[in-house]
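generate a structure from the sequence data that follows.
(one chain, ligands or ions: 1)
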Amino acid sequence: MISIEGLKKIFTTTNNRITAVDDLTLDIAEGEIFGVIGYSGAGKSTFVRLLNRLEEPSAGKIVIDDQELTALSTNQLRVTRQEIGMIFQHFNLLWSRTVKDNIAFPLEIAGMPKRAREDRVQELIELVGLAGREDAYPSQLSGGQKQRVGIARALANRPKVLLCDEATSALDPETTNAILDLLVDINAKLGLTIILITHEMHVIRKICNQVAVMDEGKIVEQGDVLDVFLRPEQHVTKKFVEQVMGTDDDHDGVEKLINTYDSGKIIRLHFVGDTANQALITQIARSFRIDINILQGKITQMQQGAYGTLFVQMDGETDEIARAINYITDETSVEVEVVQDVE
Ligand SMILES: Nc1ncnc2c1ncn2[C@@H]1O[C@H](COP(=O)(O)OP(=O)(O)OP(=O)(O)O)[C@@H](O)[C@H]1O
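Have a look, this model is predicted:
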């Protein structure tokens, strides 16, 4: 468990004082994939660098598993830092070292004997899917492979926490997905806590359980990813949700579509992130004597399952449509709203 209390960072330049992180208080549970999202300048990088004291806080306390990081001496910090791995947007690899020597680097610093080091490096190479590329140099690798080296290196000393600073921002969408899948896999296999900062909501949507929204150095909204998607409160959070779900102002389009039907019922189904509802439409069509036409929808896949809205037309006997609606309401977590009763 990571507990952050009243964390503050003020940068003082010759003619300016910038409060990059402003009185931040936060708890992060063990084993969580915790996302911090914010626009450029919100203070995300500073926050994540404070977590391993790459930046020294101006005030506040960071406690990781009962150890107060902010109270450690430089020598103690050197040891404790091994429990906190970090990966970066631009990988920060050593260009003159091969893949395996990059991964071995933190083990050398920790004083691990050569034989044990080689075994550990091989284990890590397998874990991140780089088998066969051990002797390549970073310049010979793709962006995704470079980040895999970064991940292996960060995991070398078996940290409890992995900090990810915009780790996929330099990658194309496909490679981003592969690296995010790898992070989920590592989180499940090793049970370590991942703290990830990003300006992209789809990254949060894809892998995080919890999210905090940062703006001007403060956390302005925080909670379960699904709750934040369902009920974003702050303007900045709404903007981030729109990155994934689009805006909700296409009412004219839906209206027009609805008016083209002259029978049955038009229903809005609201999926709230439950994997059990994946096959709902097929299930309804099979179980009830009705036709079900999909009109329009925005569904996205989150860690917890499908989330979004689907407009459908149900056509058939009135009683049978009612039974289908009752089934969805009573037996599933999908919310039902009858938008228009055409009959
Ligand atoms: N070393 C520094 N000296 C002075 N000001 C700094 C320093 N580092 C960051 N800042 C300032 O602190 C604020 C927060 O910066 P930070 O890099 O943490 O934001 P961010 O959300 O990570 O944005 P980005 O994604 O663009 O890096 C900015 O106003 C930035 O200019």
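
quick one: low-confidence parts of the chain?
By pLDDT under 70, the low-scoring segments of the chain are 248-254, 342-343.

give me that answer again for 50
By pLDDT under 50, the chain contains no weakly predicted segment.

what does it have sitting close to the ligand?
11, 13, 18, 20, 38, 40-46 (C-beta under 6 Å from any ligand atom). Just so you know, the C-beta spots here come from the backbone N, C-alpha and C atoms, and that holds for glycine as well.

how about these in TSV, adding secondary structure and neighbour count?
TSV is the format used below for those (DSSP: H, G, I helix; E, B strand; the rest coil; neighbours: other C-beta atoms under 10 Å):
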residue	secondary structure	neighbour count
11	strand	13
13	strand	7
18	strand	13
20	strand	21
38	coil	24
40	coil	7
41	coil	14
42	coil	24
43	coil	24
44	helix	24
45	helix	20
46	helix	22
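
ok, now which ones touch residue 157?
The contact partners of residue 157, by C-beta atoms under 8 Å, 6 or more residues apart in numbering, come to 82-83, 85, 106-107, 110.

could I have the buried ones of these as PyMOL selection syntax?
The PyMOL selection below is limited to those of the contacts of residue 157 classed as buried (16 or more other C-beta atoms under 10 Å):
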select buried, resi 82+83+85+106+107
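
from the contacts of residue 157, which land in helices?
Cross-referencing the contacts of residue 157 against helices under DSSP state H gives 106-107.

ok, which pair from the contacts of residue 157 is furthest apart?
Distances among the contacts of residue 157 were taken as C-beta to C-beta; the most separated pair is 83 and 107, at 14.4 Å.

quick check: closest non-adjacent residue to residue 12.
Of all residues not flanking residue 12 in the chain, residue 18 sits nearest, at 8.0 Å (C-beta to C-beta, 6 or more residues apart in numbering).

in the stretch 201-343 of the chain, which spans are helices?
201-207, 225-230, 235-245, 251-259, 280-287, 318-331 (DSSP state H, counting those that start in this stretch).

quick one on the thing from earlier: list the contacts for the residue nearest to residue 12?
10-12.

adding mean neighbour count as columns, could you present the helices of the stretch 201-343 of the chain in a markdown table?
Converted to a markdown table, those look like this (neighbours: other C-beta atoms under 10 Å):
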| stretch | mean neighbour count |
| --- | --- |
| helix 201-207 | 24 |
| helix 225-230 | 20 |
| helix 235-245 | 17 |
| helix 251-259 | 12 |
| helix 280-287 | 14 |
| helix 318-331 | 14 |
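
elements contacting the strand or helix carrying residue 115?
Using DSSP states H and E, residue 115 maps to helix 114-127. On a contact count with 3 or more C-beta pairs under 8 Å, 6 or more residues apart in numbering; DSSP states H and E, helix 114-127 meets helix 99-109, helix 143-155.

who's in contact with the shortest one?
Right, the one you point to is helix 99-109. Contacts for helix 99-109 (C-beta under 8 Å, 6+ apart): 82, 93-94, 97, 117-118, 120-121, 124-125, 130, 133-138, 141, 149, 152-153, 156-157.

which among these end up buried?
By 16+ other C-beta under 10 Å, the contacts of helix 99-109 give 82, 93, 117, 120-121, 124-125, 130, 133, 138, 141, 149, 152-153, 156-157 as buried.

related to what we said a few turns ago, the helix holding residue 115 vs helix 99-109, what angle?
Here helix 114-127 runs at an angle of 130 degrees relative to helix 99-109 (axes from the mean of the first three to the mean of the last three C-alpha atoms, to 10 degrees).

got the angle for helix 114-127 vs helix 143-155?
Going by the same axes, to 10 degrees, helix 114-127 makes 140 degrees with helix 143-155.

check contacts around the residue nearest to residue 323 when sequence neighbours are not counted.
Excluding the flanking residues, the one nearest residue 323 by C-beta to C-beta, 6+ apart is residue 288, at 6.0 Å. Residues near residue 288 by C-beta under 8 Å, 6+ apart: 316, 320-321, 323-324, 327.

list phi and psi for residue 288.
Main-chain torsions, residue 288, degrees, to the nearest 10: phi -130, psi 150.

got the helices and strands packed on helix 114-127 as TSV, with distance to residue 300 columns?
As requested, those are exported to TSV (distance: least, C-beta to C-beta, whole Å):
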stretch	distance to residue 300
helix 99-109	35
helix 143-155	23
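
please identify the most buried of those.
helix 143-155 (a mean of 24; mean count of other C-beta atoms under 10 Å).

all set, thanks.
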